[in-house]
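> got a sequence here, can you build the structure:
(chains A and B)
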Amino acid sequence: GAVVSQHPSRVICKSGTSVKIECRSLDFQATTMFWYRQFPKQSLMLMATSNEGSKATYEQGVEKDKFLINHASLTLSTLTVTSAHPEDSSFYICSAGGGKRQETQYFGPGTRLLVL
Amino acid sequence: DAKTTQPPSMDCAEGRAANLPCNHSTISGNEYVYWYRQIHSQGPQYIIHGLKNNETNEMASLIITEDRKSSTLILPHATLRDTAVYYCIVRDYAGNMLTFGGGTRLMVKP
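The predicted structure is shown next:
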């Protein structure tokens, strides 16, 4: 299957700071990338849909000014958690699809964020 | 809301076939059935997908009923490493978002 990477895999930060998470599609050009969040013992919840070259579409209840998404190229999308609070601690996962991978989305390994 | 219903948990003996059911009674004609699994603390892994014909790949087989209202994912010889949460998802081919339900937590036991 296709390879999608995320960086960092794990991050600990202080409350009030910003954290950037990168999502890269390594072997295909992803026209669409998705960002999910997963709290312990829960399923994945979609946060936003990111299309290359355009503004992201956020799901209801997700603050666009707090979770900044940039999809500047066909292989890279970034999620920035601004002014992080302890309740933002979660497992953030991206997925990518499109191009020659139109049929299927492939997921990154996830980034575990802990805000102290 | 997820359009699928799965049992919350299942056990399977190592080496035996694991049959994971999924109900999707409101599936529409242009929607595919996708299966992913998530091993603890990892991102979901694509397994297989199908429209109406049965499908098989190196990981699993997907059996879709003729009326397409339900399907079964079959892991022919389960190993301990197949212990994971398995998600059955329906979505259209256009590549829209995946909506995850609760999934089935499969425990493969020695």
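> use CA for all of it now, contacts and neighbours both
Noted.
> so what's the residue count around the residue in chain B positioned nearest to chain A?
Closest to chain A within chain B is residue B:43: 4.4 Å, counting by CA to the nearest CA. Counted with other CA atoms under 10 Å in any protein chain shown, the neighbours of residue B:43 add up to 23.
> wait, it touches residue A:107, no?
Yes: Residue B:43 is within contact range of residue A:107, at 5.8 Å (criterion: CA atoms under 8 Å).
> which residues do these two both contact?
Counting by CA atoms under 8 Å, 6 or more residues apart in numbering or on different chains, the contacts common to residue B:43 and residue A:107 are residue A:93.
> in terms of pLDDT, where does residue A:1 sit?
In the predicted model, residue A:1 carries a pLDDT score of 63.
> quick check: residues of chain A near chain B?
A:1, A:34, A:42-46, A:49, A:93, A:97-98, A:102-110 (CA under 8 Å from any CA of the partner chain).
> these two touch, right, residue A:105 and residue B:35?
No: counting by CA under 8 Å, residue A:105 does not reach residue B:35; the two are 11.1 Å apart.
> shared neighbours of these two, which are they?
residue B:46.
> more neighbours, the two?
Taking neighbours as other CA under 10 Å, residue A:105 and residue B:35 compare with residue A:105 leading, 27 against 23.
> how far out from the middle of the chain is stretch B:76-94?
4 Å (CA atoms, centre = their mean, to the nearest Å).
> what about the strands in chain A?
With DSSP state E applied, chain A shows strands at A:4-7, A:10-13, A:19-25, A:32-38, A:45-51, A:57-58, A:67-73, A:76-81, A:90-98, A:101-107, A:111-115, listed in chain order.
> most packed of those strands?
Neighbour counts (mean count of other CA atoms under 10 Å in any protein chain shown) averaged over each of the strands of chain A peak at strand A:90-98, with a mean of 26.
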